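Engineer: Sequence first, predicted model second:
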Amino acid sequence: MYLAAKELRKQKKTGRRAKTNNYLLMRNVNGRFERDFDNMVKTPTVFFENFHMSVSNFEDLFLRNFRLDAIPLEAKLALTLEYLACGTFQRHVASCYHISKQHVGVTIPEVCDAICVALSGEIEAWDVEAMKRRAQEFQGLWQFPNCIGAIDGKHVAIKAPPHCGSAFYNYKGFHSIILLAICDASCRFTFIDVGAYKSEGDMKAFSKSWIGRELLEGGMEFPEDNMLGGVRTPYFLVADDAFLGCLMLFVSSGFPVLKTRKVFIIPRWFCRQ
């Protein structure tokens, strides 16, 4: 009898269809995408404030790699970029766009993956010619020769994963992971590594990254050294003193030994803005 009752409940549950929330049904009328998007497109400054990119860049990104779905593709891209730009809660974005929290939670990672695929070819390879071009830009814009990039780490706040202990806890008093990035003279990303424990620090995150391993193991080819003021000077990355430990792996006998120096610690804030 118990098994029969259980089977009957199962059949009823299978045949039951969840009722859609009336609030979500108003997506195509009152949702943020339908209500505000076209007006923001007509006002470029407001559009940039919300999505951190121009209308033309948005359209170009949209056309690259998005699949059809019940929710308009532009709406998916818009809500994802607004979420990333504002750092708000997913439930807030879901409410604004009249989309369920569950669907937003699935949509944002999917769109982020699509963005990575679409823009994967936009970052130049780290070869000799690319390094020379970046050094020329630093020389032209900042009068700082032989610099191929500025490197720094950023605390990205996260909700602590279960059973993580203090692995993600940083000295500022919250849980985070490290976003490690290198930028050129125009503040454009040329390298990104994300996911290191914040408790490890910038130095260790750099040594574990792809580019850090290549530098430490001597696998990356650099341009030939230049003569600057009569001194043979190599190409280098500019960083703050958080990377001093990595520097010591390249330089063991003080500042005059420049031949193997790849990370240059310098107080010139204008090179790392």
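Structural biologist: Good, I have the coordinates.

Engineer: Name the SS class of residue 144, please.
Structural biologist: Classification of residue 144 using DSSP: H, G, I helix; E, B strand; the rest coil returns coil.

Engineer: Count residues in the vicinity of residue 206, would you?
Structural biologist: Neighbours of residue 206 under the rule other C-beta atoms under 10 Å: 29. Using the backbone N, CA and C atoms, a C-beta is placed for each residue, glycine as well.

Engineer: Distance check, it against residue 83.
Structural biologist: To residue 83, residue 206 is 28 Å away according to C-beta to C-beta, to the nearest Å.

Engineer: Show me the contact partners of the longest strand seen in the chain.
Structural biologist: As assigned by DSSP state E, the longest strand anywhere in the chain is strand 147-157. If you take C-beta atoms under 8 Å, 6 or more residues apart in numbering as the criterion, strand 147-157 is touched by 131, 134-135, 138-139, 170, 172, 174-185, 190-191, 194, 198, 201-202, 205-206, 235-240, 242-243, 263-264, 271-272.

Engineer: can you check stretch 132-139 too?
Structural biologist: Applying C-beta under 8 Å, 6+ apart, the set of residues contacting stretch 132-139 from outside is 144-149, 184-186, 190, 223, 235, 271.

Engineer: which of these lies closest to residue 37?
Structural biologist: Each of the contacts of stretch 132-139 was checked against residue 37 using C-beta to C-beta; the closest is residue 186, at 29.4 Å.

Engineer: what number of residues lie near the residue lying closest to the closest one once chain neighbours are set aside?
Structural biologist: Leaving aside its sequence neighbours, residue 186 sits nearest to residue 137 (C-beta to C-beta, 6 or more residues apart in numbering; 6.6 Å). Around residue 137 there are 17 other residues, counting by other C-beta under 10 Å.

Engineer: Tell me how many other residues surround residue 183.
Structural biologist: Every residue meeting other C-beta under 10 Å relative to residue 183 is counted, giving 18.

Engineer: got the contact list for it?
Structural biologist: Counted by C-beta under 8 Å, 6+ apart, residue 183 has contacts 149, 150, 189, 190.

Engineer: For the residues you listed, which PyMOL command selects only the ones that are buried?
Structural biologist: Of the contacts of residue 183, the buried ones can be selected in PyMOL as follows, counting by 16 or more other C-beta atoms under 10 Å:
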select buried, resi 149+150+190
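
Engineer: report the longest helix in this structure, please.
Structural biologist: Here the longest helix in the chain is taken by residue count, with DSSP state H as the criterion, and it is helix 101-118.

Engineer: which strands and helices sit next to that helix?
Structural biologist: Other helices and strands packing on helix 101-118, by 3 or more C-beta pairs under 8 Å, 6 or more residues apart in numbering; DSSP states H and E, are helix 55-64, helix 73-86, helix 90-97.

Engineer: change it to 6 Å
Structural biologist: Helix 101-118 is packed against helix 73-86, helix 90-97, with contacts defined by 3 or more C-beta pairs under 6 Å, 6 or more residues apart in numbering; DSSP states H and E.

Engineer: So for residue 164, which of these sits nearest?
Structural biologist: If you check each of the helices and strands packed on helix 101-118 against residue 164 by C-beta to C-beta, helix 90-97 wins as the nearest, at 20.9 Å.

Engineer: Where is pLDDT lowest across the contacts of stretch 132-139?
Structural biologist: Least confident of the contacts of stretch 132-139 in the model: residue 271, at 49.

Engineer: Would you reformat the contacts of residue 183 as a markdown table and include distance to residue 112?
Structural biologist: As requested, those are exported to a markdown table (distance: C-beta to C-beta, whole Å):
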| residue | distance to residue 112 |
| --- | --- |
| 149 | 24 |
| 150 | 25 |
| 189 | 15 |
| 190 | 20 |
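
Engineer: For the contacts of residue 183, name the two members farthest from one another.
Structural biologist: Greatest spatial distance in the contacts of residue 183: 150 and 189, 10.8 Å, computed using C-beta to C-beta.

Engineer: can I get the helices and strands packed on helix 101-118 in TSV with mean pLDDT, distance to residue 165 and mean neighbour count?
Structural biologist: Shown next, in TSV, are those (pLDDT from 0 to 100; distance: least, C-beta to C-beta, whole Å; neighbours: other C-beta atoms under 10 Å):
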stretch	mean pLDDT	distance to residue 165	mean neighbour count
helix 73-86	91	28	19
helix 90-97	90	26	18
